[in-house]
Structures are given as C-alpha cells and as structure tokens.
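Trainee: Structural data only, the sequence is not supplied:
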C-alpha cells in the first residue's frame, strides 16, 4: 500500500511536469527557429533548409538529454521528499495495527508543523484516550471483583457453616445472610445506575425544575434515617437560584446520592446544610455536612469509581464508592461540573449547572 502511494505521488508530480515543459520548449524552438531562418532568407538570401534542419536536430538532441536528466533528478528529489512526507503516515499505520492488537501505549512522532504533524498529534490524543479508557475498564473490573468477593465470601462461609452444623439455624444467622445478600443487590443496583449515568447525556429531558422541591422530596425520603441520628438539616435557596433547567429524574438521582452521602458521614447530632446561589452563568448547589475532614490528597479522587477516602470504614457505611461517581456523570451530562472541599470538621460537595 505504501509503495503504491509512493509511486503514485512520484509519477503524479514528476512525469507530467517534465513532459509538459519539454514539449513546450520543443515546440517553441521549432517555431522560433523557423521564424529566425525565414528572416535570414529574406535579408541575406540564404537557403535555410540544411542549416535549419541541423539546428533543430542539435536542439532536439540536447533537449531530450536535458529532459531525461531533469526526469532522473525529479524522480530522485521526489522520492526523497515523498518518502519524508509519507514516513509519519507509515508510522501511524503501524501504530494503528499495534493499537488494534491491544498495545494502547503506542505513540507516533508529532513534531512537524504541517497537516501531517496535526494528524500525528490527533492520533496521539486518540491513543491517550484509548489507553485511559482501557485502564479504567481494567480498574473497574478489578474493583467490581473486589467488591463482590467480600459479600460472596461471607455468604459462602455462612452457608458452609450452616451446612456443617457449625452455625446454628437461628434468626440472627439468617439476618446476617440477608444483609450480605442486600449488599450484593445494592452493589448491582449501583453499577446499573452508573451505567445509565454514563449514557445520561443521550437521554436528557430538560425542563424547568424547582430545585427546592427536589431537595425537600429527597429529604422526606431520608427523614427517618436523619432523625434517627439526631441530625439537623437546614436549607437556603436564593430567590434567583431556586429554578434550574435539567432532567428532573436524573437531578433527583444526583441529589439523592448527595443527601445519602451527607447522612452516612454526619455524626450523631451533626448538621447538614443545603444551599444554592447564582454564579455568572450557572447555579451552584452546596451540600455541607459535619464530620471528619477528608485528606487534601484524597479530594481529587472523591468522584472516581470505587474510591473511598477512609478504607477503615465499614462497607455498610462507606458503600462501594460509586455514589459520587454517579453524581459526576449525571451533572457533567448536563454540561455542569462537580467539586469538593473539606476543612475544619466540615465537608462540602457541590455541583453547578449551566443557566440555560
């Protein structure tokens, strides 16, 4: 393929040009020579036949040799230039085959300032994206396996204990089995929500949404859990930031995950504050709760899948680390952004949605 393209470029840029120029010069000499010898015959009564023919023969001879030499030189220069031009394309072709075979770390040289260099840069960006996606895929598979292993191992242990008669067939034992089963069900549900959140931008049904009503709806859902821990909840929505344009169902899901996150990590008797205010071209909603500070080095990873800042937490409390990832996917699907801050015994998770 590369040789055919190479020869096509050489033939297209050399042969037609050399033949055309040689033909033009050939015809020009023939015409000029005829006119010149006609002048000689008229002024000096010289017979131009033999001299004219000898002149044309000499000119044609040297013209042919000059054309052949020009053709050889043109082929040589064209070969060197086209080879230089095609070298990055050959590298990209080879790199594409390597990426197709699963070696996503392959890169090409992209230090040229022309269109071929831009193509190389675009190819490297594509390779970076594919490598990142592959790493995320592998990490996700490993994390899912890790998350499933603990409850499955517990279930296996309990069932073997019951089968061998080591554990009594009591209500407490079956409650433990039920808890492990519920943990598996919740993990599967979270994974399903995460998959739907990844595709949220395709199915957005934007409408005017009352932000305060959405928050109150979710707070009512968790009222029993909040009251059980004696948590005080306060809300403050600015008049010019009480309504946003969003997909109501997906916004409710994001708010639910954030409220659940606040409830889980707020100590008994703590405070949760939910507020909104308007920025230049967006509305920002904050969820602030009391609790232990999150280390600064963990803040950038809070919205990564399966990330938990404190691995010493019980899985019943910390979950699988998917909730904030779902929030990020849903908010970014709306064209918004998320962020977190933590200091002085308070943690703030916020999201901003564009004012459309």
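Mentor: In hand now; what should we look at? Small disclaimer: the values here were computed from a predicted structure and weren't measured. Numbering: from 1, shown residues only.

Trainee: same for the helix or strand residue 153 falls within, what does it pack against?
Mentor: If you go by DSSP states H and E, residue 153 is part of helix 115-164. Contacts defined by 3 or more C-beta pairs under 8 Å, 6 or more residues apart in numbering; DSSP states H and E place helix 115-164 against helix 49-100, helix 171-198. Just so you know, the C-beta spots here come from the backbone N, C-alpha and C atoms, and that holds for glycine as well.

Trainee: how big is the angle separating it from helix 171-198?
Mentor: 170 degrees (axes from the mean of the first three to the mean of the last three C-alpha atoms, to 10 degrees).

Trainee: Compute the mean per-residue pLDDT across helix 115-164, please.
Mentor: Averaged across helix 115-164, pLDDT comes to 76.

Trainee: so where's the stretch 201-350 of the chain uncertain?
Mentor: Low-confidence segments of the stretch 201-350 of the chain (pLDDT under 70): 201-203, 305-321.

Trainee: Okay, helices next: where are they in it?
Mentor: 211-221, 223-228, 248-265, 315-318, 323-333 (DSSP state H, counting those that start in this stretch).

Trainee: So which of those has the densest surroundings on average?
Mentor: helix 323-333 (a mean of 23; mean count of other C-beta atoms under 10 Å).

Trainee: so what does that one touch, helix or strand wise?
Mentor: helix 171-198, helix 248-265, strand 337-343, strand 346-354.

Trainee: Show me what the shortest one is packed against.
Mentor: When you say that, I think you mean strand 337-343. helix 323-333, strand 346-354.

Trainee: Tell me which of the ones you listed sits nearest to residue 207.
Mentor: Relative to residue 207, the nearest member of the helices and strands packed on strand 337-343 by C-beta to C-beta is strand 346-354, separated by 12.8 Å.

Trainee: angle of the closest one against strand 337-343?
Mentor: Going by the same axes, to 10 degrees, strand 346-354 makes 160 degrees with strand 337-343.

Trainee: So that it lines up with my notes, have the first residue be 664 from now on.
Mentor: That works, and once the first residue is 664, the last one we named lands at strand 1009-1017.

Trainee: just to revisit the earlier point, next, format the helices and strands packed on helix 986-996 as JSON lines and append distance to residue 990.
Mentor: Formatted as JSON lines, those follow (distance: least, C-beta to C-beta, whole Å):
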{"stretch": "helix 834-861", "distance to residue 990": "8"}
{"stretch": "helix 911-928", "distance to residue 990": "5"}
{"stretch": "strand 1000-1006", "distance to residue 990": "6"}
{"stretch": "strand 1009-1017", "distance to residue 990": "7"}
